[in-house]
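**Q** my questions concern the predicted model and sequence given below.
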Amino acid sequence: MTQVFPPLVDLHQDLLLHINRRDLYPDHWQTDFDMLVRTNTKVVLATAFPVPENEEYLNPITNRMIEEDFRTYNSYCKTSTHHSIIRTSDDLRLALKKDASTGIILHIEGLNAMTDGDWDICERWFDLGWRSLGIVWNVTNSLGGGTKDPSTGLTDLGAKLITWCEKKGMIVDFAHMNAPTFAQAAKIVNRPLLVSHGNACALCENPRNYSDEQLRLIAQTNGVIGVFFARTYVTGTSVAEISDVANHIDHLVRVMGIDHVALGTDFGGIITGHVSQLDSLETLPLFWQELEKRGYTSDQIEKISWKNAARVLECHLTPVSSLG
């Protein structure tokens, strides 16, 4: 059977980490720059995800590691005819054209060492093309509470940074926020809520997944959530099949509606176990075939593969000054 790759907007990949830290991934390649092109990936939110020595994530050295990643992405895109950095909504629309290069949106997954004296660093990163921020990863930091901490909420600095991002035309990602931080951040964000990668708590109870109440709130803002393929958050067991991921899609569609479901595969970052037969971008045709078997139309699959995500990204990438 011929493999079919519909256009893809992937809301989350640990692209550079996967390339640079092969010691973390002994089995196979989940993604790389060339694979993005082969699989018709039009846009990807690619992380700067620093893993410091001894996993001391709050170590200020992480800021230097983030900047090094941003500079590496920039250097690669300057020499590649197949990849480019997305900085604006115009760049996004260009990347979605049929024969365009793959657009890369620079994303920070957990700004763990920020202080109120680091605004010059943020401005420098913005000039390097940084356009997407998840304020927390799993650990709580100066901005808010991560999923390993059930109680810490959004801090004043976190709220200030979110507002700064919106004014600059940047994406604010709600992935990895704990429940209090999620709720408080949702009250100050003025754009559709975006969760780059998360699944349904109703099917896999885990702090990294989202309650139906949170999912409905995302939909009410015309936002989107990207389903991801880490086995731990699909079934929470030692086994997960493609059908299990499709079950999450079914549930999200029932709760939120078809217009609010996307993919944030987490390829490049899946360390604790992948879904059987769904272990790289090149296996995605099997996933689309599963949705077809369940009665999803080609238009619905296109919404999930790229249209829903593109709609929300375009809204975020428009700076406040351009909104009139």
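**A** Perfect, thanks for sending it. Just so it is clear, the model here is predicted, and its values are computed rather than measured.
**Q** every contact and neighbour count from this point should use C-alpha atoms.
**A** Will do.
**Q** so where do the strands sit in the chain?
**A** 8-13, 41-48, 83-85, 102-109, 130-134, 171-173, 194-195, 224-227, 261-263 (DSSP state E).
**Q** how about a markdown table for those strands, with distance to residue 181, mean neighbour count and mean pLDDT added?
**A** Converted to a markdown table, the strands of the chain look like this (distance: least, CA to CA, whole Å; neighbours: other CA atoms under 10 Å; pLDDT from 0 to 100):
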| stretch | distance to residue 181 | mean neighbour count | mean pLDDT |
| --- | --- | --- | --- |
| strand 8-13 | 20 | 29 | 98 |
| strand 41-48 | 21 | 27 | 98 |
| strand 83-85 | 30 | 24 | 98 |
| strand 102-109 | 15 | 27 | 98 |
| strand 130-134 | 12 | 24 | 98 |
| strand 171-173 | 12 | 27 | 98 |
| strand 194-195 | 13 | 26 | 98 |
| strand 224-227 | 17 | 30 | 99 |
| strand 261-263 | 22 | 29 | 99 |
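**Q** ok, the closest residue to residue 29 other than its chain neighbours - contacts?
**A** Leaving out its chain neighbours, the residue that sits closest to residue 29 by CA to CA, 6 or more residues apart in numbering is residue 280, at 6.9 Å. Contacts for residue 280 (CA atoms under 8 Å, 6 or more residues apart in numbering) come out as 29-31, 267.
**Q** any stretches of the protein with poor pLDDT?
**A** 1-2, 321-324 (pLDDT under 70).
**Q** name the residues that touch the longest helix anywhere in it?
**A** Longest helix in the chain by number of residues (criterion: DSSP state H): helix 61-79. Helix 61-79 is contacted by residues 16, 48-52, 83-85, 106, 108, 111-114, 125, 128-130 when judged by CA under 8 Å, 6+ apart.
**Q** and what of stretch 10-25?
**A** 29-33, 41, 43-49, 69, 73, 196-197, 226, 262-269, 271, 305-306, 309.
**Q** make sure residue 319 is actually in contact with residue 170.
**A** Yes - the criterion here is CA atoms under 8 Å, and residue 319 meets it with residue 170 at 7.3 Å.
**Q** tell me which of those two has more neighbours.
**A** With neighbours defined as other CA atoms under 10 Å, residue 319 and residue 170 compare such that residue 170 has more, 28 against 17.
**Q** hey, where'd the helices end up in the stretch 151-300 of the chain?
**A** 156-168, 179-188, 212-220, 231-234, 242-256, 284-293, 298-302 (DSSP state H, counting those that start in this stretch).
**Q** list the buried residues in the third one.
**A** By 16 or more other CA atoms under 10 Å, the buried positions in helix 212-220 come out as 212, 214-219.
**Q** returning to that earlier point: turn the strands of the chain into TSV, columns for distance to residue 63.
**A** Converted to TSV, the strands of the chain look like this (distance: least, CA to CA, whole Å):
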stretch	distance to residue 63
strand 8-13	19
strand 41-48	10
strand 83-85	20
strand 102-109	10
strand 130-134	13
strand 171-173	18
strand 194-195	23
strand 224-227	26
strand 261-263	28
